[in-house]
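1. Have a look at this prediction, sequence included:
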Amino acid sequence: MVQGTIIKGIAGFYYVEADQTIYECKARGKFRKDNIVPLIGDNVLITLGTEENSGDKYQVAVIEEILDRKNSLIRPPVANIDQAIVVFSVTYPEIHLDLLDRFLITIEKENITPYIVLNKIDDGKEEDYHNVVETYTQVGYEVLCLSAKKAINIELLKAKLKDRTTVFAGPSGVGKSTLLNTIEKGLSLETGEMSHKIKRGKHTTRHVELIPLSMGGFVLDTPGFTSLQLEGIDKDDLRYYFREFKIYEGLCKFNGCSHTHEPGCAVKQALETGKVLKPRYDSYITYYNQLQDIRRW
Ligand SMILES: Nc1nc2c(ncn2[C@@H]2O[C@H](COP(=O)(O)OP(=O)(O)OP(=O)(O)O)[C@@H](O)[C@H]2O)c(=O)[nH]1
Ligand SMILES: [Mg+2]
Ligand SMILES: [Zn+2]
């Protein structure tokens, strides 16, 4: 068997790179039986087929084994990630803070390093997005404001990517594929016009793809998404995924304080003094209640 990495999946085929060759693979039926979906970024063992496939473009092979994952995401569906760049645009589509918070939670849970990118600053006014920058910087995230189109501040982003595996995620039309084309010369990922009527993207990218960078490292372009479920999260763990709460852990009056209703809560005190920001705390309460409702069901 040969070890490789899944770099793309289209219509039931997985494209696996091993020893600088790309193999077109089917996955063994046992994966479906065990409810395991191979993910882009998975390290796999394959057996090589003998016959050529119809197009003669790729050699064929079969995925026999998926090696242990370091981490994985459901949306976008990727595995073995070091960092995630969550991309929004400062013009259209508009920044969607609920989606941003949900995405940050899933990233924190999987121990992936997150960065926030606000793209299209060539087209926007600083006063319209400086609140977002301030809020999330105070929370403890690095926020990069840039323009893929005019190549503003691209070097700041590029410096983060070397020798790492980084997934680009965010709504359709924010410029994920445009950014990657700007970062890697010679790359020509398809990009889409905005729909002017509804001011949204048109879901141009349809597959997740793992792309090598010439400076070292990999990036993953992914399709845009409009919603994100908080799946597989216990409400009692939610507080660990709000990074600004961490310094108060153990300082509340009650052990295991949920920071929702308990007296003597250090997080709520920090909220009073503005050290914890109200919109983020409100997000926390909203998701906490949602997760509680799911459990009751
Ligand atoms: N003004 C401006 N427009 C940009 C910028 N970056 C991307 N765009 C435009 O935004 C539109 C969408 O860009 P894409 O790169 O296709 O967006 P995407 O995030 O990959 O979208 P999906 O593949 O649908 O998820 C295109 O018309 C781009 O030209 C930018 O920095 N400034
Ligand atoms: Mg795209
Ligand atoms: Zn508390």
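-> Ah, there it is. Ligands and ions are numbered 1, 2, ... in the order given.

2. and Tyr288, that one's in a strand?
-> No. When DSSP: H, G, I helix; E, B strand; the rest coil is applied, Tyr288 is found to be helix, with no strand at that position.

3. looking at it, it is touching Asp236, isn't it?
-> No. Taking C-beta atoms under 8 Å as the contact criterion, Tyr288 and Asp236 are not neighbours in contact, 9.2 Å apart. No exception for glycine: its C-beta is placed from N, CA and C like everyone else's.

4. what about the two, which has more around it?
-> Set side by side, Tyr288 and Asp236 give different neighbour counts by other C-beta atoms under 10 Å, the larger being at Tyr288 (17 against 12).

5. list the contacts for that one?
-> Lys235, Leu238, Ser258, Thr260 (C-beta atoms under 8 Å, 6 or more residues apart in numbering).

6. go on, Glu94?
-> By C-beta under 8 Å, 6+ apart, the contact set of Glu94 is Lys199.

7. Helix, strand or coil: sort out it for me.
-> Following three-state DSSP, Glu94 is assigned to coil.

8. count of neighbours near the residue in the stretch 51-200 of the chain positioned nearest to ligand 3?
-> Using C-beta to the ion, the closest approach of the stretch 51-200 of the chain to ligand 3 is made by Val139 at 17.2 Å. Val139 sits with 19 neighbouring residues when counted by other C-beta under 10 Å.

9. Skipping adjacent residues, who's closest to it in space?
-> Nearest residue to Val139, sequence neighbours excluded (C-beta to C-beta, 6 or more residues apart in numbering): Glu244, at 4.8 Å.

10. what about that neighbour, neighbour count?
-> The number of residues packed around Glu244, counting by other C-beta under 10 Å, is 19.

11. pretty sure it belongs to a helix, no?
-> Yes. Counting by three-state DSSP, Glu244 falls inside a helix.

12. Counting neighbours, which of the contacts of Tyr288 comes out on top?
-> If you count neighbours using other C-beta under 10 Å, the busiest of the contacts of Tyr288 is Leu238, which has 23 neighbours.

13. if you look at stretch 114-130, does any of it touch ligand 1?
-> Yes. Using C-beta under 6 Å from any ligand atom as the criterion, contacts between stretch 114-130 and ligand 1 involve Asn119, Lys120, Asp122, Asp123.

14. Out of the residues you listed, which end up buried?
-> Buried residues within these, defined by neighbour count using 16 or more other C-beta atoms under 10 Å: Asn119, Lys120.

15. Just the closest of the residues of stretch 114-130 next to ligand 1 to Ser172, please.
-> Within the set of the residues of stretch 114-130 next to ligand 1, Asn119 lies nearest Ser172; the separation is 12.9 Å, counting by C-beta to C-beta.

16. Now for Tyr288 and Asp236: what residues contact both?
-> Residues touching both Tyr288 and Asp236 (C-beta under 8 Å, 6+ apart) are Ser258.

17. Among the residues of stretch 114-130 next to ligand 1, which ones are in strands?
-> With strands identified by DSSP state E, the entries of the residues of stretch 114-130 next to ligand 1 that belong to them are Asn119.

18. any low-confidence regions in the chain?
-> 51-56, 295-297 (pLDDT under 70).

19. Would you mind listing what in it touches ligand 2?
-> For the chain, the residues in contact with ligand 2 (C-beta under 5 Å from the ion) are Lys176, Ser177, Thr204, Thr205.

20. Kindly report the residues of this structure close to ligand 3.
-> When proximity is defined as C-beta under 5 Å from the ion, the chain approaches ligand 3 at Cys252, Cys257, His259, Cys265, Val267.

21. Which helix or strand contains the residue nearest to the third one when sequence neighbours are not counted?
-> Counting by C-beta to C-beta, 6+ apart, Val267 is the residue found nearest to His259 once chain neighbours are left out, at 4.0 Å. According to DSSP states H and E, Val267 maps onto helix 266-272.

22. got the residue ranges for the strands in the protein?
-> For the chain, the strands identified by DSSP E occupy 2-10, 13-18, 21-27, 43-52, 59-66, 72-73, 78-79, 83-89, 113-119, 143-145, 165-169, 209-212, 218-221, in order along the chain.

23. If anything else comes up later, I'll come back, but that's it for now.
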